[in-house]
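**Student:** Give me coordinates for this.
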Amino acid sequence: MIKKLRKKFILINMILISIVLLIIFGTLLFFHEKRLETNVLARMGQVLDRPFNSAELLEISSAQKRNPTPADFIPVFIVLANQDGSIIDQKSENLPLSEDLVASAIQESLASPEDTGILSDLNLRYCKRTNPDGICIVLADRNYEISSMRTMFINCIIVFLLAFIAFFFITLFLARWAMRPVEEAWTQQSQFVADASHELKTPLTVILANLNILLSHPEDTIRQQFKWIENTYAESTRMKKLVDHLLFLAKSDAQQISVDFSSFNLSETAWSCLLPFESIAFEQSVSITEEIMPNLWMYGNEEQIKQLIVILLDNACKYTDKNGSVHFSLTAEQNKIFLKVQNTGEPIPPQDLDHIFERFYRSDKSRSHQQKGGYGLGLAIAQSIVLKHHGKISVSSTFQEGTIFSIILSVDKKGELPSRS
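**Tutor:** Model (predicted):
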């Protein structure tokens, strides 16, 4: 699909570019033709304005040679004729014509009602004017116009081809550059669907297996088959949690989540999230320490911020080694809230840090959700919540400091101080 989209993008772009180039070069050819016609007619008009006298003609020609114009170099043939077409006198300015050709040109030009025109069969342009001595007819060879137009046309073709080739490679580059986000989004979406299907398949398989066992023993009581029912309930709960996470991310991507923002005491919210994890940490032989600034208020959605804190604490407790520690910090400075969750343990490999917020991503591929109880969606949800609150989230992981998730949020939108009494 991406390849078809890229080809379609290139095709449409090159068609538009070709149309624009054709319009540009067509316009250039049109105005070049009109300029040639204007120059030729100007040259013929100059000749008609001069008296049909050799000495005066040479005098004027010498003056024109001193200040030449493009029209002065166009060869012409001048004829003075009667109404019946008989030639009174004729002169040539760099345009030798045979008697038969001149005679035919005179007859056709006199027969035409127009004072200027083109004699296509003779390849001549004429311009006539009546004066007391007779009819003065100026003939100009059209080879000059045709040759100039041919040269201009060839140049336009060459420039068109070079421009077309240049624009093709530019469009090829732009197509790859413009399609890269689409390709990445498509790849992520395909991977997301595949991962979601895989994660949903496991609990569904377990549930179906448990139900088959129950159906194969219809005479047993619930107590006798309690472990299969309990296991089915656990897998159903796990699957519901996964579906809820998927729906949250899908609605977040589509910006369909209706979020009500209000001012709330973030310090109290943090304490309410932290206290339940003390017993969890105790069972895992993990110590929790905290540094929470009192009466710290912010403007946002309290439920989502609770979810954010729980995700970070849960993630920290899961990946802290036995007898390790988790440190929770909540401070404020210059209208900014700094929330940090730090845990000891094996650091996240550097190559995995850039992908840590991707959906279904686990830095340790050997860890399954059965071992750690997660699907790789928690940090993606955490990032989504932070972005909804116009904040920033980052992660660092070293042997010395452990893994640290850092979040920057804004204090109360109404401008209250970070600390309230």
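
**Student:** how about residue 161, what does it touch?
**Tutor:** Contacts for residue 161 (CB atoms under 8 Å, 6 or more residues apart in numbering) come out as none. From N, CA and C alone the C-beta is placed, and that goes for glycine too.

**Student:** ok so it is a strand residue?
**Tutor:** No - going by DSSP: H, G, I helix; E, B strand; the rest coil, the assignment for residue 161 is helix, not a strand.

**Student:** start the count at 44, not 1, going forward
**Tutor:** Renumbered: residue one is now 44, and that last one reads residue 204.

**Student:** which one is the most centrally placed residue in the chain nearest to, not counting chain neighbours?
**Tutor:** Closest to where the C-alpha atoms of the chain average out (CA atoms, centre = their mean) is residue 221, at 4.2 Å. Nearest-residue entry for residue 221: residue 52, 7.0 Å, with adjacent residues in sequence omitted and distances by CB to CB, 6 or more residues apart in numbering.

**Student:** That neighbour and residue 208, how far apart?
**Tutor:** 18 Å (CB to CB, to the nearest Å).

**Student:** Same question for residue 319.
**Tutor:** From residue 319 across to residue 208, the span is 67 Å (CB to CB).

**Student:** on that earlier part again, from residue 230, how far out is the residue nearest to residue 221?
**Tutor:** Applying CB to CB, the value for residue 52 to residue 230 is 18 Å.

**Student:** who has more neighbours, those two?
**Tutor:** Using other CB atoms under 10 Å, the more surrounded residue of residue 52 and residue 230 is residue 52, with 18 against 11.

**Student:** Confirm for me that the more buried one is in contact with residue 220.
**Tutor:** No - judged on CB atoms under 8 Å, residue 52 makes no contact with residue 220 at a distance of 10.8 Å.

**Student:** what residue of the protein is the furthest out?
**Tutor:** Distance from the C-alpha centroid of the chain peaks at residue 131, with 73.9 Å (CA atoms, centre = their mean).

**Student:** Pop out the phi and psi values for residue 159.
**Tutor:** Backbone geometry at residue 159, expressed as degrees, to the nearest 10, gives phi -130, psi 150.

**Student:** in the stretch 194-343 of the chain, which spans are strands?
**Tutor:** Per DSSP state E, counting those that start in this stretch, the stretch 194-343 of the chain carries strands over the ranges 305-308, 330-335, 340-343.

**Student:** Tell me which of those strands lies nearest to residue 226.
**Tutor:** Among the strands of the stretch 194-343 of the chain, strand 340-343 comes nearest to residue 226, with 34.2 Å by CB to CB.

**Student:** Does anything pack onto the closest one? Which helices or strands?
**Tutor:** If you count contacts as 3 or more CB pairs under 8 Å, 6 or more residues apart in numbering; DSSP states H and E, strand 340-343 packs onto strand 305-308, strand 445-453.

**Student:** quick one, which of these is packed in tightest?
**Tutor:** Highest mean neighbour count among those (mean count of other CB atoms under 10 Å): strand 445-453, with a mean of 20.

**Student:** and that one, what's its mean pLDDT?
**Tutor:** Strand 445-453 shows a mean pLDDT of 92.

**Student:** One more: stretch 71-78?
**Tutor:** Taken as a whole, stretch 71-78 has an average pLDDT of 92.

**Student:** Which residues does it contact?
**Tutor:** Contacts for stretch 71-78 (CB under 8 Å, 6+ apart): 188, 191-192, 195-196, 199.

**Student:** re earlier: who are the contact partners of the residue farthest from the centre of the chain?
**Tutor:** 123-125, 176-177.

**Student:** Residue 135 now?
**Tutor:** Applying CB under 8 Å, 6+ apart to residue 135 gives the contacts 120-121.

**Student:** in the helix or strand harbouring it, what counts as buried?
**Tutor:** Element membership for residue 135, per DSSP states H and E: strand 130-136. For strand 130-136, burial by neighbour count (16 or more other CB atoms under 10 Å) applies to 133, 136.

**Student:** where does that strand sit relative to the chain's centre, distance-wise?
**Tutor:** With CA atoms, centre = their mean, to the nearest Å as the basis, strand 130-136 stands 68 Å off its chain's centre.

**Student:** repeat for stretch 193-208
**Tutor:** Chain-centre distance of stretch 193-208: 30 Å, with CA atoms, centre = their mean.

**Student:** Sort out which residues of it are buried, please.
**Tutor:** For stretch 193-208, burial by neighbour count (16+ other CB under 10 Å) applies to 195, 199, 206.

**Student:** try stretch 312-332
**Tutor:** 312-313, 316-317, 320, 324, 327, 329, 331.

**Student:** which of those residues lies closest to residue 353?
**Tutor:** residue 316 (5.4 Å).

**Student:** Is it correct that the closest one is in contact with residue 356?
**Tutor:** Yes - applying CB under 8 Å, one finds residue 316 in contact with residue 356, separated by 6.6 Å.

**Student:** Okay, now the unreliable bits of this structure?
**Tutor:** 44, 95-116, 228, 231-232, 234-235, 238, 241-242, 296-302, 403-418, 455-464 (pLDDT under 70).
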